[in-house]
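Colleague: Give me a model of this one.
(chains A and B)
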2 protein chains.
Amino acid sequence: MTTHDASRTPLSPTPRTTLTRAKERGVADRAALDAVLDAGLVCHLGVLLGGSPVVLPTIYGRLGDTLYLHGSTGAGNMRAAIDTDISLSVTHVDGLVYARSAMHFSMNFRSAVIRGRATLVTDEAERTAALRAIVEQAAPGSWDRVRPPNRKEMAATMVLALDLTEASVKVRTGGPNDDTADIATGGVWAGVLPLRQVWGEPIDADNLEPGLDVPADVLARVTPVAVG
Amino acid sequence: MTTHDASRTPLSPTPRTTLTRAKERGVADRAALDAVLDAGLVCHLGVLLGGSPVVLPTIYGRLGDTLYLHGSTGAGNMRAAIDTDISLSVTHVDGLVYARSAMHFSMNFRSAVIRGRATLVTDEAERTAALRAIVEQAAPGSWDRVRPPNRKEMAATMVLALDLTEASVKVRTGGPNDDTADIATGGVWAGVLPLRQVWGEPIDADNLEPGLDVPADVLARVTPVAVG
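Modeller: Okay, here's the model as predicted:
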């Protein structure tokens, strides 16, 4: 069971926050989990190292009910995760909530927290599918254009799988939840400052040969200049 | 000692990656750590719950060599962290690195990983200073404008401190590190798609009284429309 109790922190449950667990989920809840995961670039992975947790950023991919991670076969952090309980979180910050009192400052966000046992993927077809999912998560449309992993690269790479059964999703939207007395007192601006990620213009590699256009899937990601 | 070995993952050390440990750091390394932390809005906190790690997003503040977290006195996750080893990471993704082969896709990023023992802060002056640091980290310039925490709020809030001694910073910049053979083969676009966070236009709270202007510190955060 994933507890995600952080009430009174700025990433806290509020009347406008939904907290769902995949174990009890309906279609909508599962869709919410997938939406948070599929919109992410990086997760933060928590593993036990020498009895203490360590949190590391890494990329990931999802195929159905399985989340995949990868790393070098020489990476101690990843090896330590095999057949142990791990946790990972994907968080999008959508805005900062300015309140009339210090303790009601908050953030609008979408986050997923997953817990479960990481298993080493050994089937070569699943390993390749997982690596494809990871690359496509970061760079949609790229896999079919580039050289796939060769035998040496596959041998040097470990792939871990994590079931999405034990997951929670939290979403906060909307304005500040100020105390009635502070609203009545007035005189302090309150509201939301929206935040979002934007992709800039692609930059050719220094050693790119002349005459190669930026692929359409890369250009399609570039955020239009109008920011809102 | 913080190991941060994730070689061959897209958040991996490369020739252009610096890996530093605060224990061995010079002034420049410590400045790099502070820069990553001070630019962040959310950290991912890893704590042990029932013997397994759980990773949760939360906000934080820094004062000198101490990082502060806060939560409700009723929050099990935060209570579980007291006097135990925890870890947290702050990560900024600066761009996606498109390579000529699948396994060389990467991200440009700045990340800090901290490990250490969380202690409960009991001194009221330090607690208030920590909460101020946390609010100012998220919303610089706000603390002095808003109602400070009252006695009831302070009683319901726990503040945790984490020493920054055991920290690592990783930074990746630049283009893809493709294999020579893949560069020679050519025909595949490679480069970087920059990513950044932009603040949009402030949105007044629904219940804001008329005639209150958006404060200058909020307006100053709004990202100019030109994206690049």
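
Colleague: pretty sure A:Met158 belongs to a strand, no?
Modeller: Yes. Judged by DSSP: H, G, I helix; E, B strand; the rest coil, A:Met158 forms part of a strand.

Colleague: partner residues bridging it?
Modeller: Counting by DSSP bridges, A:Met158 is bridged to A:Gly71.

Colleague: Would you check that it makes contact with A:Leu120?
Modeller: Yes. Using C-beta atoms under 8 Å, A:Met158 is in contact with A:Leu120, at 6.4 Å. Using the backbone N, CA and C atoms, a C-beta is placed for each residue, glycine as well.

Colleague: looking at chain A, which helix or strand is least sure?
Modeller: Least confident helix or strand of chain A, by mean pLDDT, DSSP states H and E, is strand A:18-21 with a mean of 44.

Colleague: Tell me the first helix or strand C-terminal of that one.
Modeller: Counting by DSSP states H and E, the next helix or strand C-terminal to strand A:18-21 is helix A:27-38.

Colleague: chain center to that following helix, what's the gap?
Modeller: Helix A:27-38 has its C-alpha centroid displaced from the chain centroid by 12 Å (C-alpha atoms, centre = their mean, to the nearest Å).

Colleague: hmm, it touching chain B?
Modeller: No. For helix A:27-38, no contact with chain B is found by C-beta under 8 Å from any C-beta of the partner chain; the gap never falls below 11.4 Å.

Colleague: Now that helix: buried residues?
Modeller: Neighbour counts over helix A:27-38 (16 or more other C-beta atoms under 10 Å in any protein chain shown) mark A:29-30, A:32-34, A:36-37 as buried.

Colleague: Show me what it packs onto, helices and strands only.
Modeller: When contacts are defined as 3 or more C-beta pairs under 8 Å, 6 or more residues apart in numbering or on different chains; DSSP states H and E, helix A:27-38 sits against strand A:18-21, strand A:61-63, strand A:85-98, strand A:106-117, strand A:167-172.

Colleague: That helix versus strand A:167-172: what angle between them?
Modeller: Here helix A:27-38 runs at an angle of 80 degrees relative to strand A:167-172 (axes from the mean of the first three to the mean of the last three C-alpha atoms, to 10 degrees).

Colleague: if we can go back for a sec, could you dump the buried residues of helix A:27-38 into TSV and include pLDDT?
Modeller: Output for the buried residues of helix A:27-38, formatted as TSV (pLDDT from 0 to 100):
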residue	pLDDT
A:Asp29	84
A:Arg30	88
A:Ala32	94
A:Leu33	95
A:Asp34	96
A:Val36	97
A:Leu37	98
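
Colleague: List just the nearest of the residues you listed to chain B.
Modeller: Nearest to chain B among the buried residues of helix A:27-38: A:Val36, at 11.4 Å, using C-beta to the nearest C-beta.

Colleague: how long is stretch A:114-131 end to end?
Modeller: Stretch A:114-131 has an end-to-end distance of 20 Å (C-alpha to C-alpha, to the nearest Å).

Colleague: I meant to write stretch A:131-150 there.
Modeller: Using C-alpha to C-alpha, the end-to-end distance of stretch A:131-150 comes to 12 Å.

Colleague: quick one, phi psi at A:Glu209?
Modeller: Dihedral pair for A:Glu209: phi -70, psi 150, per degrees, to the nearest 10.

Colleague: try the one 10 residues further on
Modeller: Here the main-chain torsion angles of A:Leu219 (degrees, to the nearest 10) amount to phi -60, psi -40.

Colleague: So which residue is dead centre in chain A?
Modeller: When C-alpha atoms, centre = their mean is applied to chain A, the residue found nearest the centroid is A:Val90 (2.8 Å).

Colleague: what about the helix ranked longest in chain A and chain B, touching?
Modeller: The residue-count maximum for a helix in chain A (DSSP state H) belongs to helix A:124-138. Yes. Counting by C-beta under 8 Å from any C-beta, chain B is contacted by helix A:124-138 at A:131-132, A:134-135, A:138.

Colleague: and if you look at stretch A:42-57?
Modeller: Yes. If you take C-beta under 8 Å from any C-beta as the test, stretch A:42-57 does meet chain B, through A:42, A:44-49, A:51-57.

Colleague: Dump the C-alpha coordinates for that stretch into PDB.
Modeller: What follows is stretch A:42-57, C-alpha atoms only, in PDB (Å, rounded to 0.1, in the frame of the first residue of the first chain):
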ATOM      1  CA  VAL A  42      12.700  11.600 -15.700                       C
ATOM      2  CA  CYS A  43      11.600   9.600 -12.700                       C
ATOM      3  CA  HIS A  44      13.300   9.600  -9.300                       C
ATOM      4  CA  LEU A  45      14.200   6.100  -8.300                       C
ATOM      5  CA  GLY A  46      14.700   5.100  -4.700                       C
ATOM      6  CA  VAL A  47      16.800   2.000  -3.900                       C
ATOM      7  CA  LEU A  48      18.300   0.700  -0.800                       C
ATOM      8  CA  LEU A  49      22.100   0.900  -0.700                       C
ATOM      9  CA  GLY A  50      23.800  -0.500   2.400                       C
ATOM     10  CA  GLY A  51      20.600  -0.300   4.300                       C
ATOM     11  CA  SER A  52      19.900   3.400   3.400                       C
ATOM     12  CA  PRO A  53      17.800   4.800   0.700                       C
ATOM     13  CA  VAL A  54      19.300   6.700  -2.200                       C
ATOM     14  CA  VAL A  55      17.300   8.600  -4.700                       C
ATOM     15  CA  LEU A  56      18.500   9.000  -8.300                       C
ATOM     16  CA  PRO A  57      17.100  10.500 -11.400                       C
END
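
Colleague: list the buried ones in it?
Modeller: Across stretch A:42-57, burial judged by 16+ other C-beta under 10 Å covers A:42-49, A:52-57.

Colleague: which residues does the residue of chain A positioned farthest from its centre contact?
Modeller: Largest separation from the mean C-alpha position in chain A: A:Thr185, at 39.6 Å (C-alpha atoms, centre = their mean). For A:Thr185, the contacting residues are A:100, B:147, by C-beta atoms under 8 Å, 6 or more residues apart in numbering or on different chains.
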